[in-house]
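S.K.: Here is the input, now give the coordinates:
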Amino acid sequence: MAEEKELLRYNPAPIESKWQERWAADPKMYAAEGPDCVKPKYYVLEMLPYPSGQLHMGHVRNYAIGDALARYMWMRGYNVMHPMGWDAFGLPAENAALKNNTPPREWTLANIAAMKRQFNRLGMAFDWSTEVTTCLPDYYRWNQWFFLRMYEKGLVYRKKSKVNWCPECATVLANEQVIDGCCWRHEDTKVELRDLEQWFFRITAYAEELLDDLAKLDGWPEKVRTMQRNWIGRSKGTEIDFFLEEKVDQGPGTEGATLAQDDKRVRIRVFTTRVDTIFGATSVQLAPEHPVVARLSASNPALRVKVTELLEEQKKAREGGDVGAIEKHGVPTGRFAINPYSGERVPIWVGNYVLMDYGTGAIMSVPAHDERDFEFATKYGIPIRQVIKPVQEAEGSESLPFVSEDGVLVNSGEYDGLTCLQAQKLLQESAARQGFGEAKVIFRLKDWGVSRQRYWGTPIPMIHCPKDGLVPVPEDQLPVLLPEKIEITQTGGSPLGRVPEFVNVICPKCGGPARRETDTMDTFVDSSWYFYRYIDAKNSSAPFSRVRAEYWFPIDQYIGGVEHAILHLIYSRFWTKMMRDLGMITNGEPVERQFSQGMVIKDGAKMSKSKGNVVSPDDMVARYGADSTRMYSLFAAPPDRDLDWQEDGVAGVSRFLARVWKLSTAHEGVVLKGHDFSRAGSGDSISGALASEGSSSPIEKKLLRKMHQTIAKITKDFEGRWHFNTCIAAIMEYVNELQAADAQLSSGEVAAPAVEQMLKNLALLLAPFAPYLAAELWEQLGGDGSILRHPWPESDPGLAKEDEIEIPVQINGKLTTVVKVPAGSDAKAIEAAALADPKVQLRIAGKTVVKVIVVPGRAVNLVVK
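M.R.: Here you go, the predicted model:
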């Protein structure tokens, strides 16, 4: 008796240890086949982790989603690529080196080993033969190779620029890495602006395509597409030249203001989306950094002081993260510009809300038809002139500002009476014809600044030669290796600049002494193309094989947090388009379907090391087993919703798996050995055979019906909405029904072949969610081969169909009762059943049934008086 109890007790540790050893001994267990495979391909990928030291339950949720999908697709007969790697360069390794006196490489590789052990213990089905580690030379040499190819194509350039600087990171951040004015890694650290020479990728060359192609990404969440659409920020409009009133000599300070060919007047180019309102422009506003402002203030010390104050206000607003919310201040320059359409003199102002890096750094201010301009003009007493009126209203009857384009022009000379859209077209044509303007599309997206003043990143393969300037490192000298032994500090620029043997180099062009570039690349370079390297990770002659890329791309399913919607996902889309134009691939997008999982929340905040609220999966695995740990992360909430962490939930899943273990082992002796009835809907299925013979008992039919319904539901969810929580709930309901029929399963009232089928299919349905237990049960039940390679069960719609269905009956819209009718009953039969129900008869006694509304299979509604 004691032995029997021990047998029925679920102990995950020995089960999971046994299968972990078996799987580890088979290196081809999770390996994908090559491009010549006749199976349909399926590339499922979760965003690769940064090796910070330990996985936490937030990681587990992300990877459990992808792992469940990969296992399902294997069982559906697909050639599955499911790789894993490490986003291994980055700031935390340098910080660890500072704190622990541990070299970044040593710290990083030790963390990778630890996290890899955790992944394996959790039973994640990764093909480690394709593993990529971005901090190793066999990977980052290709970062350098891409840099050189892009430099040849004019997609890389260097310039002095205002950049975002994180004092804590002691390095530059891309615009996308500044969140609400703070560093994306240090959420409480305000970002500063500094002037530095920086390397840039010309991502704006692809701005139009990046925006337009979002319409093709039907498999992406609309939220992600909207975030990218807003970040790219296309504006269609017109660039117009206003002219500085006085003639000036060409000289310093006119770089952003061109000279007309027929005279010496300085052109101040403005961008506007509403050229139809130009006759209402009552001032020109310049950014504090505009070159004309520098020229005008050079001889005006008082103006120079005020402009400096405006610039400081703008800087603080940028650092605060919302320059659009700045309190608007401005100063008049005392100079005027000429409106090229009307010839009117308008004052030139400097405004703290006008940005030099958006548009041209100059705007025409039309207070009657723009809310921001109206606010500014009201504050400073600048004239307000209406030039657009509503189509249906009398002139002057509407309040200002009137910002709609549904109007007609007034006070606009020859353009009076035209609609806004008509006027825009004619005014653009006039500007182009007379040489003072043109139609223009501008973007909010800025070029990607990739310079970082840190050590632990890819060295930029460029050389600074006193004679020849910027010289690319020859391809046969790649990779430019990071020096191993180096002193890391957060002062004095890049640590590489203090390593003479790295810095000092012979120029490959002139043969003279030169200096290497000491900045390293933004680590988002590493993650922009890593998924291409997975498909050909050992290739030493190219980043990857074009043949393999043609087969595997685009990625069928990509899984990762919505926080990467702008940073990583825009960069990776840009990188794919760049590689396409280099002739390396033919696809223009890297990912067919993208899924953003919800966060794991603990103590009211996202689970993260920086918040000190992480839960280690090691602790959960030790207490409850890996299956319970990963299954809880899928059961506690739909994958796209946030999950509120509760350890009691893991314990609850563990208790459920114990019930499954007890159920299966208790009836193992009933199962017929050597049979495979898992193809539940096929012609040789036991359920089909018994049904055709008419010999099934009512309980057997009921259990088989539930089995087929469960298979159908889980299959539908995998193919569609991914509500794994309801998949697991359906398995729980199925187990409940099997347990309720425990006596019948043991007594023979349910045929032994049917019991076998029910239990084997239970193991198959569990396989994506609890792979260890599923593999053990499959083996105990005599299943053939690996459960991972066994076909997914199929549902028979006929056997899943209920014999009877329940129909709610309403009287005057209020639920009265529920009646049972044979499945497939027509409206007449349903109506008769409803009217014959005692509760209904009681409620309608003495009343007139005015109308009976029947929705077959759904509901009945009686209208009575």
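S.K.: Quick one: mean pLDDT over stretch 562-571.
M.R.: The average pLDDT within stretch 562-571 is 91.
S.K.: What's the per-residue pLDDT of residue 99 here?
M.R.: 79.
S.K.: Next one: residue 346, what pLDDT does it get?
M.R.: Each residue has a pLDDT score; the one for residue 346 is 97.
S.K.: Could you list the alpha-carbon positions for the helix or strand hosting it in PDB?
M.R.: If you go by DSSP states H and E, residue 346 is part of strand 345-351. Only the C-alpha atoms of strand 345-351 are listed here, as PDB (Å, rounded to 0.1, in the frame of the first residue of the first chain):
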ATOM      1  CA  ARG A 345       7.100  93.100 -43.800                       C
ATOM      2  CA  VAL A 346       6.700  90.800 -40.800                       C
ATOM      3  CA  PRO A 347       8.800  90.900 -37.600                       C
ATOM      4  CA  ILE A 348      11.400  88.200 -36.900                       C
ATOM      5  CA  TRP A 349      11.200  86.700 -33.400                       C
ATOM      6  CA  VAL A 350      13.200  84.000 -31.600                       C
ATOM      7  CA  GLY A 351      11.100  81.400 -29.900                       C
END
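S.K.: Measure how far it is from the centre of its chain, please.
M.R.: 43 Å (Cα atoms, centre = their mean, to the nearest Å).
S.K.: Likewise for stretch 448-459?
M.R.: Centroid separation for stretch 448-459 versus its chain: 23 Å, with Cα atoms, centre = their mean.
S.K.: neighbours of the closest residue to residue 285 other than its chain neighbours, just the number please.
M.R.: The spatially closest residue to residue 285, leaving aside those adjacent along the chain, is residue 351, at 4.3 Å (Cβ to Cβ, 6 or more residues apart in numbering). (Each C-beta comes from the backbone N, C-alpha and C, glycine too.) Other residues near residue 351 come to 26 when the count uses other Cβ atoms under 10 Å.
S.K.: Contacts only, for residue 351.
M.R.: By Cβ atoms under 8 Å, 6 or more residues apart in numbering, the residues touching residue 351 are 285-287, 310, 328-330, 376.
S.K.: Quick check: beta-bridge partners of it?
M.R.: Residue 351 has these beta-bridge partners by DSSP bridges: residue 330.
S.K.: Could you check how far it is from residue 315?
M.R.: Distance of residue 351 to residue 315, given as Cβ to Cβ, to the nearest Å: 14 Å.
S.K.: next one: residue 774
M.R.: Counting by Cβ to Cβ, the gap from residue 774 to residue 315 is 59 Å.
S.K.: Just after the strand holding residue 346, pick out the following helix or strand.
M.R.: Counting by DSSP H and E, the next helix or strand C-terminal to strand 345-351 is strand 362-365.
S.K.: how's the protein carved up into domains?
M.R.: 38-133+532-635, 141-202+448-524, 234-443, 663-800, 804-864 (automatic domain parsing).
S.K.: show me where pLDDT drops low in this protein?
M.R.: Applying pLDDT under 70 to the chain flags residues 1-8, 174-176, 247-264, 319-324, 393-398, 490-492, 672-695.
S.K.: Give me the most central residue, it.
M.R.: Central residue of the chain (Cα atoms, centre = their mean): residue 565, 3.7 Å from the mean position.
S.K.: Tell me who's in contact with that residue.
M.R.: The contact partners of residue 565, by Cβ under 8 Å, 6+ apart, come to 223-224, 227-228, 596.
S.K.: Dihedrals phi and psi, it?
M.R.: The phi/psi pair for residue 565 (degrees, to the nearest 10) reads phi -60, psi -40.
S.K.: cool, residue 499 as well?
M.R.: Here is the backbone geometry of residue 499 (degrees, to the nearest 10): phi -120, psi 90.
S.K.: Kindly report the same for residue 17.
M.R.: phi -60, psi -40.
S.K.: If anything else comes up later, I'll come back, but that's it for now.
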